[in-house]
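Colleague: this is a predicted model, with the sequence first.
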Amino acid sequence: MRRVVSFGLGLLMLSCSVRKKSGVENVGYEEADRYVSMISSESLKENLSVLASDEYEGRETAMPGQKKAAKYIASYFDSIGLLPGNKGSYEQSFPVVIKDPSKVKVQVGGSSIHFLEDFFYIGSFSDTNLIDIPMVYLNYGVVGEGYSDYEGFDVKGKVVVIKEGVPSGVELKGDWNNWRKKVAVAEEHGAIGLFTIKKDFKERAERIKYYVQNPRMELHNKGTQKKITSIPNFFISEEAAQGSFGIQDVNASKVLERLISLDLEINQVLSSENILGFIEGSDKKDEIVVITAHYDHLGYDAGEICNGADDDGSGTVAVLELAKAFSVAKANGHGPRRSILFMTVSGEEKGLLGSQYYTENPIYPLEKTVVDLNIDMIGRIDPNHEDNNYVYLIGSDKISSDLHAINEQVNKDRVKLNLDYTYNDESDPNRFYYRSDHYNFAKNDIPVIFYFSGTHDDYHKPTDDVDKIDFEKIEKTTKLVFYTAWEVANRKSSLNRINNK
Ligand SMILES: [Zn+2]
């Protein structure tokens, strides 16, 4: 009995020491300590005070403020001796499509009617310009058993106007209260557009206003763009139906006198940029450690600049500090064995577009990309914590247990932050794991860690400013990222994958 116990204990101790060895290797931590001291609150503040100033206009994707920030970051990389990360250039440019719903123009009988005042639309359509199209008013626009509002009217190549609801006493199949059904039937009859008179127009337009304030964006990928599945589908107010369309009696179908013109060119193709700085590794230079943060933000909110000091100015300046520390290490003969790509991405706030573009068009093969350490919002203390000595870690244990162990151990040995895994829980309703750029790497089975401090009252507001930033907090978190990157870039063994253990 005793022997067994002591034997068991011996095994346990043995397995501990083995595990410790496979967590962090001895990869020159005395040097690491020297270079980590280059990461300082002062220079973090210096860079953030520039990037999150009003001059950068909230760094909205594809807008002048973002371009300006791109230039700043690229020239910073250049000044500290980083190589251009994209075949001689610091930029990786990608096309984005901006959909500005307010660009739609409608004219009836030669006079304009106005977006959100007189009409709005649901669904998407191809860019077209329809001029002087005849219109037909068709009551409810339904087709049922022995009943059709289309009977006796030719709507081919015309715009159909209808009202909401269904006629009483008619047997109908399917859900005719759903606008999709009415759009499909109009299209079947050859109509090229549909307008529906809406009773609660004002109320609905008010709600829609909220969603259309900021233009939507997506990556411009020829061929993979969402297919347009239906004809343009508009809603108009009762006043517009009466005044502009000339429909006095909504119970009487008829060919309308006025012609309609629709200018539906709402898609504009612009470009945005990821900024890439590179440090070449020594003997494992084909393997790439990636460190990311997004430098784009929201631009303006109702005329006020959203400076995005925390989101994600804090992560961006952290990447600049990390680049500097590794660059000096390399200049002093302590460069990493693996290569390191420092990449600040754009388009994050529009749907992780820059990191999506990079992972779909990687400059360095994804199979050789060993990790993505992503930093997004590390400059504030959230309401769940009293002091600044913490960081949320998300995703660290999902793909590689080695990565998780490394981050834990360098923190325990050196940085000593409280590591908070609250948001790493799959069942957490915030789903932060899916909400920043590391996710595009994780999708490709690349181990990731997302470093994060949580949200706060100024999140996505014009009040996310530099004067509220806790620079000591950014410094500590950046140091943790530094040690983790140092280990991953220098260790002998590769990071394991949980799936193919
Ligand atoms: Zn954000």
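Modeller: Perfect, thanks for sending it. If you're wondering where the values come from, they're calculated on a predicted model, not measured in any experiment. Numbers count the residues shown, from 1 in each chain.

Colleague: below-threshold pLDDT in the protein: ranges please.
Modeller: 1-22, 26, 210-214, 222-229, 500-501 (pLDDT under 70).

Colleague: report the buried residues of the longest strand along it.
Modeller: Ranked by residue count, the top strand of the chain under DSSP state E comes out as strand 267-279. Neighbour counts over strand 267-279 (16 or more other C-beta atoms under 10 Å) mark 267, 268, 272, 273, 274, 275, 276, 277, 278, 279 as buried. The C-beta positions use only the backbone N, C-alpha and C, and glycine is treated the same way.

Colleague: same list, the residues you listed, but as JSON lines with distance to residue 251 please.
Modeller: As requested, those are exported to JSON lines (distance: C-beta to C-beta, whole Å):
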{"residue": "267", "distance to residue 251": "39"}
{"residue": "268", "distance to residue 251": "42"}
{"residue": "272", "distance to residue 251": "52"}
{"residue": "273", "distance to residue 251": "57"}
{"residue": "274", "distance to residue 251": "58"}
{"residue": "275", "distance to residue 251": "62"}
{"residue": "276", "distance to residue 251": "64"}
{"residue": "277", "distance to residue 251": "69"}
{"residue": "278", "distance to residue 251": "71"}
{"residue": "279", "distance to residue 251": "75"}
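
Colleague: list the contacts of residue 445.
Modeller: 399, 497, 499 (C-beta atoms under 8 Å, 6 or more residues apart in numbering).

Colleague: actually residue 301, not the one I wrote
Modeller: Going by C-beta under 8 Å, 6+ apart, the list of residues near residue 301 reads 461, 462.

Colleague: do that again at 7 Å, thanks
Modeller: Residues near residue 301 by C-beta atoms under 7 Å, 6 or more residues apart in numbering: residue 462.

Colleague: with residue 62 as the reference, measure out to it.
Modeller: 17 Å (C-beta to C-beta, to the nearest Å).

Colleague: before we move on, what about residue 139?
Modeller: Residue 139 is 45 Å from residue 62, by C-beta to C-beta.

Colleague: which residue of these two possesses the greater neighbour count?
Modeller: The residue with more neighbours, out of residue 139 and residue 62, is residue 62; 25 against 17, by other C-beta atoms under 10 Å.

Colleague: which ones are touching that one?
Modeller: Contact partners of residue 62, counting by C-beta under 7 Å, 6+ apart, are 96, 98, 270, 271, 272.

Colleague: of these, just say which sits nearest to residue 293.
Modeller: residue 272 (15.3 Å; C-beta to C-beta).

Colleague: cross-check the contact I'm expecting between that closest one and residue 98.
Modeller: No: using C-beta atoms under 7 Å, residue 272 is not in contact with residue 98, being 10.3 Å away.

Colleague: if residue 305 is in a bridge, with which residues?
Modeller: residue 300 (DSSP bridges).

Colleague: those strands in the stretch 151-300 of the chain, which residues are they?
Modeller: Assignment of strands within the stretch 151-300 of the chain using DSSP state E, counting those that start in this stretch yields the ranges 159-163, 193-198, 216-219, 233-237, 254-263, 267-279, 284-294, 299-301.

Colleague: sorry, slip of the keys, the one I care about is the stretch 301-450 of the chain.
Modeller: Under DSSP E, counting those that start in this stretch, the stretch 301-450 of the chain gives strands at 304-306, 338-345, 369-375, 390-394, 418-420, 448-452.

Colleague: export these as JSON lines, with columns for distance to residue 472 and mean neighbour count.
Modeller: Shown next, in JSON lines, are the strands of the stretch 301-450 of the chain (distance: least, C-beta to C-beta, whole Å; neighbours: other C-beta atoms under 10 Å):
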{"stretch": "strand 304-306", "distance to residue 472": "24", "mean neighbour count": "19"}
{"stretch": "strand 338-345", "distance to residue 472": "22", "mean neighbour count": "28"}
{"stretch": "strand 369-375", "distance to residue 472": "16", "mean neighbour count": "27"}
{"stretch": "strand 390-394", "distance to residue 472": "12", "mean neighbour count": "23"}
{"stretch": "strand 418-420", "distance to residue 472": "15", "mean neighbour count": "15"}
{"stretch": "strand 448-452", "distance to residue 472": "15", "mean neighbour count": "27"}
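
Colleague: tell me the domain boundaries of this structure?
Modeller: Split into domains by automatic domain parsing, the chain comes to 24-99+269-490, 105-265.

Colleague: please identify the deepest-packed of those.
Modeller: Mean neighbour counts were taken over those using mean count of other C-beta atoms under 10 Å, and the top value, a mean of 20, falls to domain 24-99+269-490.

Colleague: endpoint to endpoint, it covers what distance?
Modeller: 10 Å (C-alpha to C-alpha, to the nearest Å).

Colleague: was I right about residue 485 contacting residue 290?
Modeller: No: counting by C-beta under 7 Å, residue 485 does not reach residue 290; the two are 9.5 Å apart.

Colleague: still on that earlier bit, including distance to residue 125, could the contacts of residue 445 go into TSV?
Modeller: Shown next, in TSV, are those (distance: C-beta to C-beta, whole Å):
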residue	distance to residue 125
399	40
497	44
499	43
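
Colleague: excluding chain neighbours, what is closest to residue 108?
Modeller: residue 244 (4.5 Å; C-beta to C-beta, 6 or more residues apart in numbering).

Colleague: what does residue 436 give?
Modeller: Going by C-beta to C-beta, 6+ apart, residue 436 has residue 376 as its nearest residue, at 4.4 Å.

Colleague: can you give me the helices in the chain?
Modeller: Residue ranges of the helices in the chain, as given by DSSP state H, are 2-23, 29-36, 41-51, 64-79, 179-188, 201-212, 238-243, 315-331, 353-360, 401-410, 438-442, 471-490.

Colleague: of these, which is nearest residue 449?
Modeller: Of those, the one closest to residue 449 (C-beta to C-beta) turns out to be helix 401-410, at 6.0 Å.

Colleague: report the angle between the closest one and strand 369-375.
Modeller: Counting by axes from the mean of the first three to the mean of the last three C-alpha atoms, to 10 degrees, helix 401-410 lies at 50 degrees to strand 369-375.

Colleague: list the contacts for the closest residue to residue 135 other than its chain neighbours?
Modeller: Spatial nearest neighbour of residue 135, excluding adjacent residues (C-beta to C-beta, 6+ apart): residue 256 at 4.2 Å. By C-beta under 7 Å, 6+ apart, the contact set of residue 256 is 135, 136, 137, 161, 245, 246.

Colleague: now do stretch 262-273: distance to the chain's middle.
Modeller: 19 Å (C-alpha atoms, centre = their mean, to the nearest Å).
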